[in-house]
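A.B. asks: for reference, the sequence and a predicted model appear below.
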Amino acid sequence: MPVPTVVISSRGEERQRSGHPWIYRSDLLEADAAAGDRVLVRSRRGRTLGSALYSDRSQIALRMLTDGETPASDELIVQRIEAAIGFRDTLNIDATAYRLVHGEGDRLPSLVIDYYGDSHGDDQRDGHGGRTADRSGGYVVVQAQSQGMDRLTPVVVSYLQDRLRPRGILARNDSRARLLEGLDRQVEVLAGHVPDTVDVRELGVAYDVDLRHGQKTGLFLDQRENRAAAALYAHGRLLDCFSYHGGFALALAHRCRNTIAIDISADAVARLGANAQRNGRIVDAREGNVFDELRAFERAGERFDTIVLDPPAFAKNKASLEKAVTGYKDINLRALKLLDKNGILISCSCSYHVSEALLAEIVYDAAVDARVHVTVVEKRMQGRDHPVLLGVPETYYLKCLVLRRID
Ligand code: SAH
């Protein structure tokens, strides 16, 4: 059998040389390959540039796995997962749930693997730098977002079973990315057993997580370190906007005089309420549209000392960027107007189209309009278990500014 081969244009070659793992369909000259194949990538002159996962549907036709002659074997995939997990073991993460593999950021393009350790399970720490010695008490969630990774799933699952021996492995293959690949969307147990809810602990807060239906793979794991950072500044009256299950509200509430959390989803508000009760934290969780509620607070003359803005990605693509900027500006402006003297604003964006510089500019515009002076106390990003691949802006999606109003 000849090895499936794809020939790319000189523009594609330049991109490959720059280290970007995505080669677009418009840069393919020849493709002698089938959906999801691992292919050899060649230059027009016949030089082997590397190997990649091939998609016959997506605009991202190739996802580079190796450079030069290095073959993209099953062993290589497994070694990369091993290395990714080994790195998480060194991070001293203060949570039983975290990301083990972050796609492109671990050179495993289009593969996400999250771990949810059950607090009631036998997830142990050995007391030496917080290494997680045993993951047999937890559950693993896998997302394969391309045809190639979908085909590699059995290799991934068999390795995870051997290495981690989790109680269950769930495929959360219901993301929209799969539609672009012509793959079906489904949620299925791939190994063992997965309960309706898993009992997870993060920063000393216990959460009931629904791995099958929760957003992302259950929780927003990428904000853990920003929650911890925000807790250092939180004081007085706290307003958590776009609160979901209470990630920020619950990590900050005990440092504040009182806490209001707002989310548009009734389910999210209900779960936040239950999580608050479990943890003995008092949170006034309200269902509402943040855009309206911020205006209502302003009309009522309310003030807050700490405000968190963690909206969903307003800019899902470049075309919606302008509208998104208006949205970010609006909530930041309203929030700054509600902020009391010396108040802290935690302003996040998870749209990769909105760069850190752009977010800072938006907040600055909002500050000028609100007639307040604001200092940047910290510039933060997604947690260390979601590493950014340099040169690949798509992997730097979450920005988080810690700001302080000064007089
Ligand atoms: N801060 C959360 C994650 C937020 S995810 C955490 O730390 O875990 C974004 C949330 O915004 C979702 O729960 C979604 O239901 C909510 N949302 C989206 N649009 C909204 C709106 N206009 N008003 C209020 N909530 C909204």
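C.D. replies: Received the coordinates, thanks.
A.B. asks: any weak-confidence spans in this structure?
C.D. replies: The model of the chain has pLDDT under 70 over residues 120-133.
A.B. asks: how about the residues of it by the ligand?
C.D. replies: Contact residues, the chain versus the ligand (C-beta under 6 Å from any ligand atom): 220, 223, 242-245, 247-248, 262-265, 268, 289-291, 310, 312. Quick note: C-beta positions are derived from backbone N, CA and C, even for glycine.
A.B. asks: any of these buried? List them.
C.D. replies: 220, 223, 242-245, 247-248, 262-264, 268, 290, 310 (16 or more other C-beta atoms under 10 Å).
A.B. asks: can the residues you listed go into TSV with extra columns for distance to E298?
C.D. replies: Putting these into TSV (distance: C-beta to C-beta, whole Å) gives the following:
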residue	distance to E298
F220	27
Q223	26
F242	18
S243	19
Y244	23
H245	27
G247	25
F248	21
I262	14
D263	19
I264	19
A268	24
V290	12
D310	20
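A.B. asks: how about those residues, which pair is most distant?
C.D. replies: Q223 and I264 (18.0 Å; C-beta to C-beta).
A.B. asks: beta partners for the closest residue to the ligand within the stretch 1-150 of the chain?
C.D. replies: When scored by C-beta to the nearest ligand atom, the stretch 1-150 of the chain has A97 as its residue closest to the ligand, at 11.7 Å. A97 has these beta-bridge partners by DSSP bridges: Y116.
A.B. asks: ok so, going back, which of the residues of the chain next to the ligand fall within strands?
C.D. replies: I262, D263 (DSSP state E).
A.B. asks: my guess is K399 contacts E361. True?
C.D. replies: No. Look at K399 against E361 with C-beta atoms under 8 Å: they stay out of range, at 11.9 Å.
A.B. asks: pick out whichever of those two has more residues nearby.
C.D. replies: K399 (23 against 14; other C-beta atoms under 10 Å).
A.B. asks: first to last residue in stretch 206-217, what's the distance?
C.D. replies: 17 Å (C-alpha to C-alpha, to the nearest Å).
A.B. asks: what's in contact with that stretch?
C.D. replies: 97, 112, 114, 116, 119, 139, 141, 143, 170, 172, 187, 194, 196-201, 218-219, 244-246, 250, 271, 274-275, 278-279 (C-beta atoms under 8 Å, 6 or more residues apart in numbering).
A.B. asks: quick one: buried ones out of those?
C.D. replies: Here, 16+ other C-beta under 10 Å leaves 97, 112, 114, 116, 119, 139, 141, 143, 170, 172, 194, 197-201, 218-219, 244-246, 250, 271, 275, 279 buried among the contacts of stretch 206-217.
A.B. asks: closest to the ligand among the buried ones among the residues of the chain next to the ligand?
C.D. replies: G247 (2.6 Å).
A.B. asks: just list the residues touching that closest one, thanks.
C.D. replies: When contacts are counted by C-beta under 8 Å, 6+ apart, G247 touches E202, L219, F220, Q223, R224, R227, D310.
A.B. asks: how about a cut-off of 7 Å?
C.D. replies: F220, Q223, R227 (C-beta atoms under 7 Å, 6 or more residues apart in numbering).
A.B. asks: could you verify my assumption that the last one touches A251?
C.D. replies: Yes. Here R227 lies in contact with A251, judged by C-beta atoms under 7 Å, at a distance of 4.0 Å.
A.B. asks: which helices and strands does the lengthiest strand in the chain pack with?
C.D. replies: Of all the segments of type strand in the chain, defined by DSSP E, the longest one is strand 339-349. Helices and strands touching strand 339-349, by 3 or more C-beta pairs under 7 Å, 6 or more residues apart in numbering; DSSP states H and E, are strand 304-309, helix 321-338, helix 356-370, strand 399-406.
A.B. asks: go through these and name the closest to E181.
C.D. replies: Nearest of the helices and strands packed on strand 339-349 (C-beta to C-beta): helix 321-338, 24.3 Å.
A.B. asks: which residues does the closest one contact?
C.D. replies: Outside of helix 321-338, the residues within contact range by C-beta under 7 Å, 6+ apart are 241, 290-291, 294-295, 297-298, 302-304, 307, 309, 311, 314-315, 345, 347, 349, 351, 353-354, 362-363, 365-367, 369-370, 372, 374, 405.
A.B. asks: quick one: buried ones out of these?
C.D. replies: 241, 290, 294, 297, 304, 307, 309, 311, 314-315, 345, 347, 349, 351, 353-354, 362-363, 366-367, 370, 372, 374, 405.
A.B. asks: after the helix or strand hosting A61, next one along is what?
C.D. replies: Using DSSP states H and E, A61 maps to strand 60-67. Once the chain leaves strand 60-67, the next helix or strand it forms, by DSSP H and E, is helix 74-89.
A.B. asks: list the helices and strands that following helix packs on?
C.D. replies: With contacts defined as 3+ C-beta pairs under 7 Å, 6+ apart, helix 74-89 has these neighbours: strand 97-102, helix 147-164.
A.B. asks: between the shortest one and helix 147-164, how big is the angle?
C.D. replies: Computed by axes from the mean of the first three to the mean of the last three C-alpha atoms, to 10 degrees, the angle separating strand 97-102 from helix 147-164 equals 130 degrees.
A.B. asks: coming back round to it: out of the helices and strands packed on strand 339-349, deepest packed?
C.D. replies: Most buried of the helices and strands packed on strand 339-349, by mean neighbour count (mean count of other C-beta atoms under 10 Å): strand 304-309, with a mean of 25.
A.B. asks: contacts for it, please.
C.D. replies: Strand 304-309 is contacted from outside by 230, 233-242, 248, 252, 256, 331-332, 335, 338-340, 343-348, using C-beta under 7 Å, 6+ apart.
A.B. asks: now the angle from that strand to strand 339-349?
C.D. replies: Going by the same axes, to 10 degrees, strand 304-309 is angled at 10 degrees with respect to strand 339-349.
A.B. asks: just checking: what are the partner strands of strand 304-309?
C.D. replies: strand 237-241 (parallel), strand 339-349 (parallel).
A.B. asks: may I have the first one as CSV, with CA atoms only?
C.D. replies: Taking C-alpha atoms only, strand 237-241 is exported to CSV below (Å, rounded to 0.1, in the frame of the first residue of the first chain):
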residue,chain,number,x,y,z
ARG,A,237,-19.6,43.7,47.5
LEU,A,238,-19.0,41.1,44.7
LEU,A,239,-20.8,40.9,41.4
ASP,A,240,-20.0,37.8,39.3
CYS,A,241,-21.4,38.2,35.8
